[in-house]
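Participant: quick one, what's the 3D model for this:
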Amino acid sequence: MRFRPMPEVSAWTHTGVRAGFEVLFVRPTADGLVLRGHTTAAEGAEAWSVGYRIDVDHRWRTREVRIEALTAAETLRVTLERADLTEADNPAGGARWLVDGVPDDRFDDCVDVDLESSAVTNTLPVHRIDLRPGRASAAPALFVRAGDLSVEPIDQEYRLREHTPDVLSLDYTSATFDFACVLTFDPSGLVLEYPGIAVRER
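Facilitator: Numbers count the residues shown, from 1 in each chain. Below you'll find the model as predicted:
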């Protein structure tokens, strides 16, 4: 599936479980893209501000993610780096992820990163997986929580529901969180609506 080029600037209002706003700035590089964004939100009794930088290659494989979270108590940072595994390391292929420089084999099957604070990161697997009618595509990811930047594996699956020149609709499920919804994307592969989470403003 071919997507249009990403806009330089996008924005979302966060709704439902949280109140807040997110902005995204996209910059091409010699071998991929850099996605820089920031979400500021209140959720229940908590409030936080999360900034991120995501580097992807031309195949939309995440190479490095730098995240900083500001809460009432402290400032937190985490860096996630991907190193491709050789067949000797892992016959099934995949990657070895480093969390703040420390290898963590819980994520060897993961290609993507999913930020709890962001409506943007669903665009990463959508650009990469095989979107064909009736086909379900697994997209396991490193899930980063907004409040404390803890990292855990998450199982995700995408299935094509509808594709028009203006809108792409996908059935999204996560067995990890027993969650399912329909996500809609624009022609560049950015979320237009994430039910109960965010709505695109720009």
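Participant: measure stretch 10-29 end to end?
Facilitator: 18 Å (Cα to Cα, to the nearest Å).
Participant: whoops, stretch 50-70 was the one
Facilitator: 6 Å.
Participant: so for that stretch, mean pLDDT?
Facilitator: Here stretch 50-70 scores 97 as its mean pLDDT.
Participant: and it, what's buried?
Facilitator: 50-52, 54-56, 60-63, 65, 67-69 (16 or more other Cβ atoms under 10 Å). The C-beta positions use only the backbone N, C-alpha and C, and glycine is treated the same way.
Participant: which element is Arg82 on?
Facilitator: strand 75-84 (DSSP states H and E).
Participant: coming back round to it: among the buried residues of stretch 50-70, which one lies nearest to Gln156?
Facilitator: Nearest to Gln156 among those: Thr62, at 13.8 Å, using Cβ to Cβ.
Participant: now Asp130: how far from Gly101?
Facilitator: Distance from Asp130 to Gly101, counting by Cβ to Cβ, to the nearest Å: 33 Å.
Participant: so who does the residue most central in space within the chain touch?
Facilitator: With distances taken as Cα atoms, centre = their mean, Thr121 lies nearest the centre of the chain, 1.9 Å away. Each residue near Thr121 by Cβ atoms under 8 Å, 6 or more residues apart in numbering is listed here: Ile54, Asp112, Val113, Asp114, Leu115, Ala141.
Participant: minimum pLDDT in those residues, which residue is that?
Facilitator: Among the contacts of Thr121, Asp112 has the lowest pLDDT, at 93.
Participant: got the contact list for it?
Facilitator: Contacts of Asp112 (Cβ under 8 Å, 6+ apart): Thr62, Thr121, Leu124, Pro125, Arg128, Ala139, Pro140, Ala141, Leu142.
Participant: hang on, the fifth one packs against Thr62?
Facilitator: No - in this structure, Arg128 sits apart from Thr62 without contact. The criterion is Cβ atoms under 8 Å, and the distance is 9.4 Å.
Participant: got any residues that touch both of these two?
Facilitator: Val111, Asp112.
Participant: now, which of the contacts of Thr121 lie within strands?
Facilitator: Ile54, Asp112, Val113, Asp114, Leu115, Ala141 (DSSP state E).
Participant: quick check: the second one vs Gly16, distance?
Facilitator: Here the distance between Asp112 and Gly16 works out to 23 Å (Cβ to Cβ).
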